[in-house]
Structures are given as structure tokens and as C-alpha cells.
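*Asks:* fold the following.
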Amino acid sequence: MSTQHSDQAHTEIISGLSAVPAFISSKYLYDELGSRLFSVITALPEYYPTRTEAEILAQRSVEIQNAVGKISTLIDLGAGDGEKASQLFEPFNIKRYVAVDISASFLQTSLNRLASRYPEIEMVAVGQDFSHALNLPPEAGDDARLIFYPGSSISNFNPADALAFLQQVHTACRHGQLLIGVDMIKPANILERAYDDALQVTAAFNRNILRHVNRIAQTDFNLHDWRHRALFNPDDSRIEMHLEAVQDTTVSWPNGQRQFVAGERIHTENSYKWKAQAFEALLRQAGFKSCRHWTDDKNWFAVFAAQA
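*Replies:* Below you'll find the model as predicted:
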């Protein structure tokens, strides 16, 4: 991380910790360990989004290919280990894979592994925090492109920020296509189990954000002072993740500190849940057209294709 970006991250984190209520941006969940923990989460029985999305992509592959058309460059936002995108390599005859992720070291390791399996595909790693601005490098090429944003990562944005982000994606598509996964509204007990699994992997993932923040902002969080909380907020149609103080505790950083009382929370993530009609309206508002979507049999998850 450059000095400028490090300073910006430090300022952003301390500002969030000083707010009432306190918060930490969910992007800080994804250091290298956080990225590895999330890969484990996607394999948990409670966490339905990854396997449900994969089923839709497999079962509706021909329909999706017909909707998207011919493309040669696949741009994967929030690529992680790249396994989701690799499902598309052969069906779409991908020539160039551009993987974008905030965790640059984890990303490069993932691309090295994929390159050994798909030596015929040009692999481009882009370590970037695209939550505020999406800037693709020249290496992304000028060929017909498909931007892939799976896993309902768009749900981490509130609706207004989701619109602003999708407008940036529309520009980055360059008259190409978008393929995006979106989690649908469903009963609260199903949602809460998905974000608070029996093995407590999600709890470890959430608490690991404190280790990451300690490194970036020189805070002194003690992980044993905090527990994971996940709850569905029906008014805002979103799952919320929090870290809750198990006892009174003081968190310090250079030239500052904050006291937290037992039960006080730090908000670490939102995941908004959508209705298909509302999300299609959002895509059209962002400038996309020819929107189509496919769902699983339970209508738990949807994959949308749209033309820029």
C-alpha cells in the first residue's frame, strides 16, 4: 500500500471509530487472511449464495451466453480466488482474464494457480480498492468485454452508493456487458444463519478485521474483547454484521482513544437484499439496457445480464 493510500486508510478508519455509532468499512475485512477465511465461508452449508449462484450459472449457461454474446475479455471485480470466474472461461472462450481485488497478494497467488490450469489465457492482476473509484489499467485491453461482479458483492453498498458504483461500471463496460449476482429477500432465519455459521468461521472473518485495522491504523484492539453479531434489519432490508464489546474496553491509537462499554457495537458490514424488479430498475437507472435475469428454484438468488 502506498504512503498516500496508507494515510487515507488510517484517516478513514479513525474517523469511523470516532463516529457514533462506530463503524469500520467492510473492505477492511479483506486482508490476505480475511480473503482466505471468506473462501472457506463460501463452502459452508449455511452460506447458500456461492453454490446457488454457481448452480444458476451452470444450469442457465446457454441462455446466459446467448444474452451476453461474444466477448474475449473477462473483468472480474472482487476476484478473490478466481474460482467463480473460471466457470466462465471455457463457455465464453475467454482470451484475457482481468482480476481486480483489494487484496493484491492473495490475488497474485490465485492468478498463479489459475495460470497453470489455463495457460492459453492472458492473466492480468489489478490490486485495487474499487469501492470509491473503478480505474482499469491499459492492460485490460480494448476487446469486447464482460464485467463480472458475482457473489452479491453489490449488496455491500447502500442503494444510493450501489447506483453510483453501477454508473462507474457502466462507463467501464465500454458498450460491453455486465453479469452480476444479487441476493434476494428471504426469511430472516435463513439470512442470519448464513452470516453466523455453526463453525464460527464468519465470526473469525469478522474479528480478523480488528487485526487488519491494528496494522493499518496502529490501534490496539484485543480480539478477546469482541464478539461477532449478525442480524437482519427488516426496515432497511439488509443483514448487518457487528462486533460487540464483551466488557468495558478502551481502544487506543496514536494521539487518540475511545472507550467502549460492554454491549456497544462496531458496525462492520451491510448486505442488502433485493427484489428482482427493484434491482432491474437500479440497473436501468445506471444506464444499462436489455436486462435479463435468472433465479434458482427457491428464488433465493438471481444473476442479471445487462448491456452497457
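*Asks:* mind listing the helices for the stretch 151-300 of the chain?
*Replies:* Along the stretch 151-300 of the chain, counting by DSSP state H, counting those that start in this stretch, helices occupy 159-173, 188-194, 201-217, 276-285.
*Asks:* please identify which of the ones you listed is closest to residue 95.
*Replies:* helix 159-173 (17.3 Å; Cβ to Cβ). Every residue, glycine included, has its C-beta placed from N, CA and C.
*Asks:* for the closest one, list the C-alpha coordinates in CSV.
*Replies:* This file holds the C-alpha atoms of helix 159-173, laid out as CSV (Å, rounded to 0.1, in the frame of the first residue of the first chain):
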residue,chain,number,x,y,z
PRO,A,159,-28.9,1.7,-2.7
ALA,A,160,-27.6,5.2,-3.4
ASP,A,161,-24.0,4.1,-3.4
ALA,A,162,-24.9,1.0,-5.4
LEU,A,163,-26.3,3.3,-8.1
ALA,A,164,-23.2,5.4,-8.2
PHE,A,165,-21.0,2.3,-8.4
LEU,A,166,-23.1,0.8,-11.2
GLN,A,167,-22.8,4.0,-13.1
GLN,A,168,-19.0,3.7,-12.9
VAL,A,169,-19.3,0.0,-14.0
HIS,A,170,-21.5,1.2,-17.0
THR,A,171,-18.7,3.5,-18.1
ALA,A,172,-16.0,0.8,-17.6
CYS,A,173,-18.0,-1.7,-19.7
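*Asks:* which elements pack onto that helix?
*Replies:* With contacts taken as 3 or more Cβ pairs under 8 Å, 6 or more residues apart in numbering; DSSP states H and E, helix 159-173 sits against strand 145-149, helix 276-285.
*Asks:* the bottom helix or strand of this protein by mean pLDDT?
*Replies:* helix 3-18 (a mean of 86; mean pLDDT, DSSP states H and E).
*Asks:* show me the beta-bridge partners of the closest residue to residue 17 other than its chain neighbours.
*Replies:* Once flanking residues are discounted, residue 17 sits nearest to residue 258: 5.9 Å by Cβ to Cβ, 6 or more residues apart in numbering. On the basis of DSSP bridges, residue 258 is bridged to residue 251.
*Asks:* that older thread, just name the most buried of the helices and strands packed on helix 159-173.
*Replies:* Most buried of these, by mean neighbour count (mean count of other Cβ atoms under 10 Å): strand 145-149, with a mean of 25.
*Asks:* give me the mean pLDDT for it.
*Replies:* Strand 145-149 comes out with an average pLDDT of 97.
*Asks:* show me what that strand is packed against.
*Replies:* With contacts defined as 3+ Cβ pairs under 8 Å, 6+ apart, the packing partners of strand 145-149 are strand 73-77, helix 83-89, helix 159-173, strand 177-183.
*Asks:* what strands line up against it, and which way round?
*Replies:* When pairing is defined by DSSP bridges, strand 145-149 lines up against strand 73-77 (parallel), strand 177-183 (parallel).
*Asks:* and the shortest one, which residues are buried?
*Replies:* Within strand 73-77, the residues scored as buried using 16 or more other Cβ atoms under 10 Å are 73-77.
*Asks:* and which of those residues is nearest residue 98?
*Replies:* Among these, and counting by Cβ to Cβ, the member closest to residue 98 is residue 75, at 4.5 Å.
*Asks:* what's stretch 175-182 in contact with?
*Replies:* Stretch 175-182 is contacted by residues 49, 53, 64, 68-69, 71, 88, 144-155, 169-170, 274, 276, 279, 283, 288, 293, 301-308 when judged by Cβ atoms under 8 Å, 6 or more residues apart in numbering.
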